[in-house]
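*Asks:* Quick one, structure for this:
(2 chains)
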Number of protein chains: 2
Amino acid sequence: MNAIAAAPPLVLAVDAMGGDRAPKMVIEGMNRALDSIKNVRFLVFGRADEVAPLVQGFRRLRSRVEVRHASDVIGAGERPSAALRNGRNSSMRQAIDAVAAGDAQGIVSAGNTGALMAMAKFVFKTLPGVDRPAIASVFPSLRGRTVLLDLGANVNCSAENLVQFAVMGEVFARSVLGLKTPSVGLLNVGEEDLKGHDAVKKAATFLQQSDLAIHFHGFVEGDDIAMGTVDVVVTDGFSGNIALKTAEGTARLYTHYLKRALISSPLARLGALLARPALRKMRARFDPRLYDGAMFLGLNGVCVKSHGGTDAFGFSNAIRVAAELVADGVNEDIKRDFAFLSANRETNTTLAVG
Amino acid sequence: MNAIAAAPPLVLAVDAMGGDRAPKMVIEGMNRALDSIKNVRFLVFGRADEVAPLVQGFRRLRSRVEVRHASDVIGAGERPSAALRNGRNSSMRQAIDAVAAGDAQGIVSAGNTGALMAMAKFVFKTLPGVDRPAIASVFPSLRGRTVLLDLGANVNCSAENLVQFAVMGEVFARSVLGLKTPSVGLLNVGEEDLKGHDAVKKAATFLQQSDLAIHFHGFVEGDDIAMGTVDVVVTDGFSGNIALKTAEGTARLYTHYLKRALISSPLARLGALLARPALRKMRARFDPRLYDGAMFLGLNGVCVKSHGGTDAFGFSNAIRVAAELVADGVNEDIKRDFAFLSANRETNTTLAVG
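*Replies:* Take a look at the predicted model:
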């Protein structure tokens, strides 16, 4: 036990006030996270009079948490620019600042995505060579799990942005999926070289020809996300967000009609009753809470966004993602790859032409 | 019966050689289509020695079909430009030419999409005022059915293109969904005005302010396609294709795990057996063959694309779509709306600024 006690503890800053069910689900989520993460401590930011009593309710959690008072809360509908200007005393901003100050190694929030991105970018800055941060997350697939990015940080992307997303997404997949050499595909409207707009074509040419140690598969299509054709699917934030939401909507539609079918007759009801454990296992596999925890890749600080509508289980998974990314030194890996990319770029004019 | 006999018969040109299972499934599909479409005749283009015997196999079909020999077949992998240059004697091109010559009122093909679009555009030309044709089709939703366009004809779209797609998609929905005033939404990464790229923002402003008789809902997100929030979802061909394929992939993933769950234990197997009729009904609802038949909107001729991997049932649905669009005079409606749009445009500078 001495060895573990001697290891420096992982400290995560947590925004207690972000998310539809905050702060209760946040504190419960932290408590649940202790099941899977050893040696973690939390700095929790929020209204101390609300947050401290909640923490006290969990005996195991108490000794691992320091509550720091933050008077303000960023609203779900607040504009990023307004949050940046007026949100200095918010729980979200204070949690980010704690990472920048070295008090914590990563931050988790289920609050306003745009505000979180704006603040994290302002405080952390981007890593050397990264033009734009991207939002990455994990989705269920036939072969296991697929990383998709960008999920909406950048609606317009150049070929260079896409190449950078590929590099960052590959590092993310190595950490979160635990793969040594994840395969990477560029999302397009066909697999042939002549398909797509200029940015994807140029990015593909660069990834094919570069000396980057990336296993680049080529173009993939929308159905390849669920098929698991590649481990990492790279696209711009507009298409990525639409793919993410379309998949969510389709899953909801399917679930709705499955439920309806299984109550449509007495025989179907009985069948559903018998198959219930199996159906429950299937639903657990698609449980979006399992896939909670999107990382803002490319910032000089680990920032993980939990779903605004999440509960304690989902939030605990987002905490786990943050802990893994910190433990694996994801940002150190990205820095190394970008140093290589920038050295490589000088001898490669494919992108410079664009 | 005299009245019906006196009505001019609907004539559709059919490419017998397009699709993975052509020509057999095409001829079977035509035969099936007779179940739902009265008074239809077919001009069928393909290798006469293959096609004519197949037609002879269906007693009911024989008298409704004229087989016209076409020596060439456009391959699934052929480039559109090559098909346009060298495909004059192909079944696809001959079928399109028959519509241009007035021998038929619409054409249906399950062949190479790019080649079909290139040839149809070359032969038919676009309708007055239409800058670019779009591909539109119908998808299952919680509220019934949703029209989505563009599905991949245009990877880059201006605000003006999106507005034109909105006008054409609305006309398409009136015909295919049988709605009087379908609601129209623009696909975006959020519902707020500040979200998205310039083209969607400008298109939204125009659709909000214009005097077009369109029920414009505003922005919608990817999950709204399956939710049926609006009747028509408008987007560029890149995002539209990705949404379409992502939905297909998600449905496949879900089906796969449902099947696996239902054979995972003896109890689950028994349950599945009891629920089988209900599950079958549910699957029938999502059967992609039901939604077969994508229209190339904006051309001066009705051109319907059936899925390349379709079977006779799917192809018969694509034929039904073509028949409905011809019977409803969709292109006349589009012409009328575009005349209004171009008159309207002169007094509206919102788009001209872009």
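
*Asks:* which ones are touching the residue most central in space within chain A?
*Replies:* Residue closest to the mean C-alpha point of chain A, counted by C-alpha atoms, centre = their mean, is residue A:294 at 1.2 Å. Residue A:294 is in contact with A:135-137, A:151, A:304-305, counting by C-beta atoms under 8 Å, 6 or more residues apart in numbering or on different chains. Backbone N, C-alpha and C define where each C-beta goes, glycine included.

*Asks:* Could you find the closest non-adjacent residue to whichever residue of the stretch 51-200 of chain A sits closest to chain B?
*Replies:* Closest residue of the stretch 51-200 of chain A to chain B, C-beta to the nearest C-beta: residue A:189 (4.1 Å). Distance criterion C-beta to C-beta, 6 or more residues apart in numbering or on different chains; nearest residue to residue A:189, sequence neighbours excluded, is residue B:241 at 4.1 Å.

*Asks:* what do you get for residue A:304?
*Replies:* residue A:322 (4.1 Å).

*Asks:* picking that back up, between all of the contacts of residue A:294, which two are separated the most?
*Replies:* A:151 and A:304 (12.9 Å; C-beta to C-beta).

*Asks:* if you count what's nearby, which of these two comes out ahead?
*Replies:* It is residue A:304, of residue A:151 and residue A:304, that has more neighbours when counted by other C-beta atoms under 10 Å in any protein chain shown, with 27 against 23.

*Asks:* Surely the more buried one is in a helix?
*Replies:* No. Membership of residue A:304 in a helix is not supported by DSSP: H, G, I helix; E, B strand; the rest coil, which gives strand.

*Asks:* All the strands of the stretch 151-300 of chain A, in order from the start?
*Replies:* For the stretch 151-300 of chain A, strands defined by DSSP state E, counting those that start in this stretch occupy the ranges A:183-187, A:215-220, A:232-234, A:294-297.

*Asks:* Save these as JSON lines, and put in mean pLDDT too.
*Replies:* Below are the strands of the stretch 151-300 of chain A laid out as JSON lines (pLDDT from 0 to 100):
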{"stretch": "strand A:183-187", "mean pLDDT": "98"}
{"stretch": "strand A:215-220", "mean pLDDT": "96"}
{"stretch": "strand A:232-234", "mean pLDDT": "98"}
{"stretch": "strand A:294-297", "mean pLDDT": "96"}
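
*Asks:* between these, which one is nearest to residue B:237?
*Replies:* Of the strands of the stretch 151-300 of chain A, nearest to residue B:237 by C-beta to C-beta is strand A:183-187, at 13.7 Å.

*Asks:* Could you quantify the relative orientation of that closest one and strand A:215-220 as an angle?
*Replies:* Between strand A:183-187 and strand A:215-220, the angle comes out at 20 degrees (axes from the mean of the first three to the mean of the last three C-alpha atoms, to 10 degrees).

*Asks:* re the thing from before, so which of the strands of the stretch 151-300 of chain A is the most packed in?
*Replies:* Highest mean neighbour count among the strands of the stretch 151-300 of chain A (mean count of other C-beta atoms under 10 Å in any protein chain shown): strand A:232-234, with a mean of 30.

*Asks:* Partner strands of it and their direction?
*Replies:* Sheet pairing for strand A:232-234, assigned by DSSP bridges, gives strand A:144-149 (parallel), strand A:183-187 (parallel).

*Asks:* So residue A:60, which state does it fall into?
*Replies:* helix.

*Asks:* And it, what's its pLDDT?
*Replies:* Looking at residue A:60, its pLDDT stands at 93.

*Asks:* which residues touch it?
*Replies:* Residue A:60 neighbours (C-beta under 8 Å, 6+ apart): A:31, A:34.

*Asks:* Let's see that with 6 Å instead.
*Replies:* By C-beta atoms under 6 Å, 6 or more residues apart in numbering or on different chains, the residues touching residue A:60 are residue A:34.

*Asks:* ditto for residue A:196
*Replies:* Contacts of residue A:196 (C-beta under 6 Å, 6+ apart): A:188-189, B:155.

*Asks:* same thing with residue A:70?
*Replies:* A:45-46, A:91, A:94.

*Asks:* Format these as TSV; extra columns: pLDDT and neighbour count.
*Replies:* Formatted as TSV, the contacts of residue A:70 follow (pLDDT from 0 to 100; neighbours: other C-beta atoms under 10 Å in any protein chain shown):
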residue	pLDDT	neighbour count
A:45	98	30
A:46	98	30
A:91	98	31
A:94	98	22
